[in-house]
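Student: mind folding the following:
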Amino acid sequence: MLRACTVDELPPGESVRIAGPEPIAVFNADGEFYAISDTCTHQDASLADGWLEGCFVECPLHAALFDLRTGMPSCLPAKQPVRTYPVLVDEGVIYVRAEAAEDAA
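Tutor: Below you'll find the model as predicted:
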């Protein structure tokens, strides 16, 4: 499990980026926490720098929209989904289960 941050450090509508070989973006969408691969599948851009609208994040580079629940893009130019990761909140700390990223660290 990767530690992202505390719940208090990630208010609704905000995101945090976990650096690593496979960067991960963690979002607070109205009190629900989601984690996805941080890199847009259309072009190399950080989704943590994007705009959050409900359960969707808009890529800051070309406005591709990804569903945080499934990783699926909902509009062009992105055609491939981003990877999603399970999120666990334990005693006020947000963790991401990302075995592949942990093995590489």
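Student: mind checking pLDDT for Arg3?
Tutor: Looking at Arg3, its pLDDT reads 96.
Student: whoops, I mixed them up, Asp44
Tutor: pLDDT, Asp44: 88.
Student: number of residues surrounding Glu53?
Tutor: For Glu53, the neighbour count with other C-beta atoms under 10 Å is 11. Any C-beta I mention is one placed from the backbone N, CA and C, and that applies to glycine too.
Student: residue ranges with poor pLDDT in the chain?
Tutor: Scanning the chain for pLDDT under 70 picks out the ranges 100-105.
Student: go again with 50.
Tutor: Flagging of the chain using pLDDT under 50 yields the residue ranges 101-105.
Student: ok, which stretches of it are strands?
Tutor: Under the criterion DSSP state E, the chain contains strands at 2-6, 15-18, 24-29, 32-37, 51-53, 56-58, 65-67, 84-85, 87-90, 93-96.
Student: looking at these, which is buried most?
Tutor: The highest mean neighbour count among the strands of the chain, using mean count of other C-beta atoms under 10 Å, belongs to strand 24-29: a mean of 23.
Student: direction included, what does that strand pair up with?
Tutor: strand 15-18 (antiparallel), strand 32-37 (antiparallel) (DSSP bridges).
Student: on that earlier part again, and the strands of the chain as a markdown table, adding distance to Cys75?
Tutor: Formatted as a markdown table, the strands of the chain follow (distance: least, C-beta to C-beta, whole Å):
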| stretch | distance to Cys75 |
| --- | --- |
| strand 2-6 | 27 |
| strand 15-18 | 20 |
| strand 24-29 | 18 |
| strand 32-37 | 16 |
| strand 51-53 | 12 |
| strand 56-58 | 9 |
| strand 65-67 | 5 |
| strand 84-85 | 18 |
| strand 87-90 | 25 |
| strand 93-96 | 26 |
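Student: what's the distance between the nearest residue to Thr39 once chain neighbours are set aside and Gly13?
Tutor: Spatial nearest neighbour of Thr39, chain neighbours left out: Pro23 (6.4 Å); criterion: C-beta to C-beta, 6 or more residues apart in numbering. Separation of Pro23 from Gly13 (C-beta to C-beta, to the nearest Å): 20 Å.
Student: all good on my end, thank you.
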